[in-house]
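> I'll drop the sequence and a predicted model, then ask my questions.
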Amino acid sequence: MSRNTVASYCSDVEKFMEAVPCPPELVKPEDVEQYLQSRNGLSKRSQARILSSLRSFFSWLVIEGTISDNPCDKVDSPKLGRYLPGVLSLEEVEAMIASVDTSTWQGLRDRAILEILYGCGLRVSEAVELKISCLYFDKGFVRIIGKGNKERLVPIGEIAVEAVNEYLGSRPKPADTASEDILFLNRFGQSLSRQSMFKMIKKQALAAGIRKDISPHTFRHSFATHLLEGGASIRQVQEMLGHESIETTEIYTHLDT
């Protein structure tokens, strides 16, 4: 699993064990149910994620021989409706990109980030970790290391290539050897954080007059939806997004409809 997934699972388990007044080997199904009920302020999807984290943890305890049964096996998962992510129209994407002040190197960087997020459909973690050595502009694609360390090749268009090249011409000097190959740097010459990318997206949405609740992932959703609207097959979109299951990609056919 990705580092972010591991961190989320660990956090879920730690919070559960802090809330339950007994050691793991004495946890009962009722304890899990009561804990989930106490988190009713969370969405059904978040509750399901917590249950998945706990189920994995207790499965490990079964494998280790610490307990004989997984208490989560008798707990029903929250019923999830079909999740339809928000998307931007083509005009809104263009407005956000046009709203960036490109008179500074940070502005050139931010425009390049928007072009990459939308033009390649990357996850925010993939954009943050994108390396210069993975840019094959002469071949027209970028190499992405996605979830589970899986590699995929994604086409990149001329406009995104031009934006990245402009940014590279003013990219700050890397602060250390670990940052030399990282594409998007902060003002300290180190890798830009996920949080900084989120803040930049929010700022540019306001600058463009867009009041939707958007994040870097909104560009990924828009990328997929616009591809399907333009006639791409669902298999092609699955490959470019790096989805393991085509069922995950099928959500965009509902958005298109």
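Received, thanks. Residues are numbered from 1 along each chain as shown.
> which other helices and strands does the longest helix belonging to the chain contact?
Looking across the chain with DSSP state H, the single longest helix is helix 44-64. Applying 3 or more C-beta pairs under 8 Å, 6 or more residues apart in numbering; DSSP states H and E, we find helix 44-64 packed against helix 3-19, helix 29-38. Yep, even glycine has a C-beta here, placed from its N, CA and C like the rest.
> quick one: which of those helices is nearest L122?
helix 3-19 (14.1 Å; C-beta to C-beta).
> for the closest one, buried residues please.
Across helix 3-19, burial judged by 16 or more other C-beta atoms under 10 Å covers 8-9, 12-13, 16.
> out of these, who's nearest W105?
S8 (33.1 Å).
> for the closest one, list the residues it contacts.
49, 53 (C-beta atoms under 8 Å, 6 or more residues apart in numbering).
> buried ones in the longest helix of the chain, by neighbour count?
47-51, 53-55, 57-58, 61.
> now distance to Y35 and pLDDT too, for those residues, in TSV please.
Shown next, in TSV, are the buried residues of helix 44-64 (distance: C-beta to C-beta, whole Å; pLDDT from 0 to 100):
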residue	distance to Y35	pLDDT
Q47	10	86
A48	14	86
R49	13	88
I50	8	92
L51	9	91
S53	12	93
L54	8	94
R55	13	93
F57	13	94
F58	13	94
L61	17	94
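> redo those residues as JSON lines? Include distance to C72.
Formatted as JSON lines, the buried residues of helix 44-64 follow (distance: C-beta to C-beta, whole Å):
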{"residue": "Q47", "distance to C72": "12"}
{"residue": "A48", "distance to C72": "12"}
{"residue": "R49", "distance to C72": "13"}
{"residue": "I50", "distance to C72": "10"}
{"residue": "L51", "distance to C72": "6"}
{"residue": "S53", "distance to C72": "10"}
{"residue": "L54", "distance to C72": "5"}
{"residue": "R55", "distance to C72": "4"}
{"residue": "F57", "distance to C72": "9"}
{"residue": "F58", "distance to C72": "6"}
{"residue": "L61", "distance to C72": "11"}
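> and which of those is nearest S99?
R49 (33.5 Å).
> look up how far S170 lies from that closest one.
R49 is 40 Å from S170, where distance means C-beta to C-beta, to the nearest Å.
> now swap in R235 and tell me
Using C-beta to C-beta, we find R235 at a distance of 39 Å from S170.
> and F219, by the same measure?
From F219 to S170 the distance is 23 Å (C-beta to C-beta).
> ok so K173 is a helix residue?
No. With DSSP: H, G, I helix; E, B strand; the rest coil as the criterion, K173 is coil rather than part of a helix.
> where along the stretch 51-200 of the chain do the strands fall?
With DSSP state E, counting those that start in this stretch, the ranges of strands along the stretch 51-200 of the chain come out as 135-136, 141-145, 151-155.
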